[in-house]
Every structure is written in structure tokens, then in C-alpha cells.
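In: coords please:
(chains A and B)
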Amino acid sequence: MKFKSITGTKDLLPGESYRWHYVEEKFHKLARRYNFREIRTPVFEHTELFARGIGELTDIVGKEMYTFEDRSGNSLTLKPEMTAAVVRAYLQHNLGQQQPVSKLYYLAPMFRQERPQKGRLRQFHQFGLEIIGTPGALADAEIIVMTADYYAELGITNVKLKINSVGCEKCRPGYKEKLKEFLRPKLSDLSEDSRRRFETNPLRIIDSKDERDRELTEKAPLQKDHLCNECNEHFTHLQDILREADVEYAVDGKIVRGLDYYTKTAFEFISSALGSQDALSGGGRYDLLARELGGKNVPAVGVAGGIERLLLVLEESENAAVEEPHPAVYLAAADDTARIWLYGITQQLRRNNIPCETDLMLRSLKAQMREASRQNAAYTVIAGAEERNKNEVVLKDMKAGDQQNVPVDELVHILQKQLPESK
RNA sequence: GUGGGCGUAGCUCAGUCGGUAGAGCGCCAGGUUGUGGCCCUGGUGGUCGCGGGUUCAAAUCCCGUCGCUCACCCCA
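Out: Numbering: from 1, shown residues only, chains lettered A, B, ... in the order given. Okay, here's the model as predicted:
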């Protein structure tokens, strides 16, 4: 075979795609219940949108974007995340003029050029929610609550919610200085990465996975203990709401989100069922993003979650079995003279919303029966010349193994009675 | 970008000291001339990742290369 799928991309084969349908449908339905409306944006955007929105110093922008020039010389980028694109669309179409608060959701592929590993692909898929237009903690809670609800609805129980506040324009600079003061004497003992971040992004240092770094930063000052009044109030308010909504959470002062645009609330849903890529989803408030993109100040909050990771966790949750759909009826021809006639009956069933399958290979009855069994059909309809002359078919219950002759005119009615989901 | 592990049938894998490739599952057919599953019998299926080297002879040894995978960094 000459051609292979690109490194870090995956074909979604029929043996797996039904699982995707399952989680996607659940998300669409839940979004409707929470009154979020879907937004779809193009897979690529001007590179500048992400560079500005996500932050020049982030790893995503620095080394992970799929960037290319089109024939006109524009620099374009396959979207590495969705929030910047959603805010762009929000500003471009003045959604804020139509209603004060926009509740948007999406389900879309993202692209980042990293080394693939468990739970990380170059083309991956995220579900996401954004509430744009309100600074209130109720919006933060709404995002978190629906995400928690989604996992619960799927039967995933081994998830934990961690929340933090990363402050705002007012209180973050002061905190940053305090943190640097704390780190400065330890600087030479820190890992190389952390030393490099000291100037560019010191907040990330307390989030380091390096063991030595962890020891050294154990007693580091945390943003959540140095919030301004407004941020502090927002954070306690959020916790009050989460408790009221019965969502379990833990405050973790070391959660620092990787993207520049976050303010106040930052959170992650973590699962122990994943490998080292343990974040199932993450999000937070991003009150500065719209302005950064050239719009006015528009407060907003959102979440993004990985579908691939979700499915990995789902497979390990015993109480979350997903069943593959199968045809309700298989129609088998006992001889060649009945095949076309039987195909007409097949279509009658389909028009009556009965999922069914028939042989397309002119195979023997035995082979057709085997196929019916393999495909897990609940019933098999068998007919040859004899049945055709009497205008009836043999209806066989595959599980029980018994069968009876029924008039063709009554077939749909009988099957519908047996298959309530087809009505 | 760095490091470990692995590439043999559609899938999971075995293959000894170098002697020209196997099992289980799957698929197809028959055992039953109009009936699935279980069982039995037979069959289909391989560029041993790719290229080069050593050798009378390479899946096996050597060199290179590509791919997959896990981990680091970071993230969903």
C-alpha cells in the first residue's frame, strides 16, 4: 500500500463510528436542554487571529500550528483551538447586538502538530461551550455544570473537577512580582524549562511536572490567595453556585491554563483513566480576548473537551456500555426467482422505518442466514417461489429460533408491533 | 525536538543455532439440493515495513531508513 493516513491522524472505521454518534448526539441533546446554540466556523483562519488570540509565547502558537501560505500569499492556519474563532465570528457578525448574552456550542476538529501519544492526535476533536457577554459567575457555573452533567450523563464517574482563579489585569501583575520574588533565590536549582519561563511566563513554573521544581515551589504564593476584591468575590460566588448545583469540586491553586487569554476562573476536569494526558477538558473565563482581537471589552467564559479522550475514558467505564446498532430484519431469498420480489418487500419495510438488510451478492440461503446472524438481526424474513405464489413470507425470530408464515400485507404491522422503536 | 518499545496473514501473535513461514481468531465453502449460532472437514489469505550489506542460504546477523506506539515538553 502506497498511501497511508498522515501521522497523528486516524481513520474512523465503522466498528468505532457508532461510539462517536453516541457521544455527539448526547452532546447535541444536552446543549439543547441548556439552551446553547451551535456555531460552526471554518477549519482555517488567518494565522494572525490565533497568534493574537492565544498568545505569541504559548507552545501552541510557537511550535504547534499547522500554518501555510495560500496561493495569494496569505498566511493561514488550521485551527488549533476554537475559542478565538468563535469570538472572531461573534465580533464579525455583531452577535452581541442581537442579544445581550450568547450561549454557543460546537463540536469540531482541531489541529496541532505535536508528537502523537495516548489521547493526543494531530487532528483531534473537541466539544466546547462559550458564554459571551456576561461577567457574572453564574455563566462560569453554567459552563462547568453542563460539562459535569455531560460526563455524568455518559456514565463516566472517574472524573474530578479542579477549579482555580488566575486573577485579572488588576491583581495578576502584583502577584506575578510576589511569585518572582519567591522564585528568584531558587532560580539556579530550577529545571532548565522553568528558568527560561521565569521572565516570559513565571506562572507556569508552579505548574511544572518536574519533581525538583515541585518540591521547590511547594510553598510558592498562589494567585488565589492574592486576588483583588472583585476577583475574590467572583471566585467565592462561583463556589457557592457549584455547591448549590451539587457539583463536586476541589480548589487547586496550581492550575494554570496554558493559553494567555484566561482571567479569573480556570478549571479542569481530570480523569485517572487516561495516561499522562489526564485532562478531559479545561476552560475558564477570558474577559480580555475580545479586546485583544480588536473588538470592545466583552466578558466571556468557556470550556473545551477532547472527544478522543472522552471515548478512551468511556471504554474503561463499565457502566457506560455503548451498543452498536444493528438491522432489525434481514431478508433472505430462498431461491433466485424471489429475489427481486423480496427486494420490493425490503423497501416496504424501510419506508416504514424498519431498519433492514438484504443480500446483495446472490448468495446461498445458508450464507444469507449466516449473515443475518452475524449482523445480529432480530428477525429474518425468508421467501422463495412457494411463498411468493401465496403472497406470504416466513418470519423467523432469530433469538427464539421459531418461525411462522405471515401474509405480506401484514408483515409491516407485525414487525412494528415487535419493534417499538420503529414506530 | 528528545528517549524507550515494537513492525511477520484482515486481527492477535509464535517462529529455536541463519536452511526459504506457522497458530488461533476472522473470512469462504462443504457436512444439510429451503434455515444462522455449536461442532467437524477443507479452503482463501504473506513484498516477514522498506532499502542496502554479510552469506551457498536472511523473518533471523549488520547498517540505514520509514512507520506505529508510549513517555518527556505542552495540551483536549
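In: would you map the helices across the stretch 1-150 of chain A?
Out: In chain order, the stretch 1-150 of chain A shows helices spanning A:14-33, A:47-54, A:59, A:83-92, A:95-98, A:137-153, with DSSP state H, counting those that start in this stretch as the criterion.
In: close to RNA strand B, is the last one?
Out: No: among the residues of helix A:137-153, none lie within reach of RNA strand B under Cβ under 7 Å from any atom of the strand; the closest is 10.7 Å away. C-beta coordinates here come from the backbone N, C-alpha and C atoms, glycine included.
In: any chance you could list what contacts that helix?
Out: Helix A:137-153 is contacted from outside by A:26-27, A:30-31, A:34, A:36, A:101, A:103, A:127, A:129, A:131, A:159, A:161, A:163, A:234-235, A:237-238, A:241-242, A:245, A:247, A:249, A:264-265, A:267, A:269, A:280-281, A:283-285, A:301-303, A:305, using Cβ atoms under 8 Å, 6 or more residues apart in numbering.
In: and the buried ones among the residues you listed, selectable in PyMOL?
Out: With 16 or more other Cβ atoms under 10 Å as the burial test, the buried ones among the contacts of helix A:137-153 are selected in PyMOL as follows:
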select buried, chain A and resi 27+30+31+34+36+103+127+129+131+159+161+163+234+235+238+241+242+247+249+264+265+267+269+280+281+283+284+285+301+302+303+305
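In: so which of the contacts of helix A:137-153 belong to strands?
Out: With strands defined by DSSP state E, the entries of the contacts of helix A:137-153 inside them are A:103, A:127, A:129, A:131, A:159, A:161, A:163, A:264-265, A:267, A:269, A:280-281, A:283-285, A:301-303, A:305.
In: would you mind trimming those to those in range of RNA strand B?
Out: Among those, the ones lying near RNA strand B by Cβ under 7 Å from any atom of the strand are A:280-281, A:305.
In: between those, which sits nearest A:Glu169?
Out: Proximity of these to A:Glu169 was ranked by Cβ to Cβ; the top entry is A:Ser281 with 25.9 Å.
In: beta partners for that closest one?
Out: Beta-bridge partners for A:Ser281, by DSSP bridges, are A:Phe269, A:Gly305.
In: which pLDDT value belongs to it?
Out: In this prediction, A:Ser281 carries a pLDDT score of 96.
In: that one against A:Phe269, yeah?
Out: Yes: between A:Ser281 and A:Phe269 there is a contact under Cβ atoms under 8 Å: 4.7 Å.
In: okay, how far is it across stretch A:401-414, tip to tip?
Out: The first and last residues of stretch A:401-414 sit 17 Å apart, counting by Cα to Cα, to the nearest Å.
In: quick one: buried residues of it?
Out: By neighbour count, with 16+ other Cβ under 10 Å as the criterion, the buried positions of stretch A:401-414 are A:403, A:406, A:408, A:411-412.
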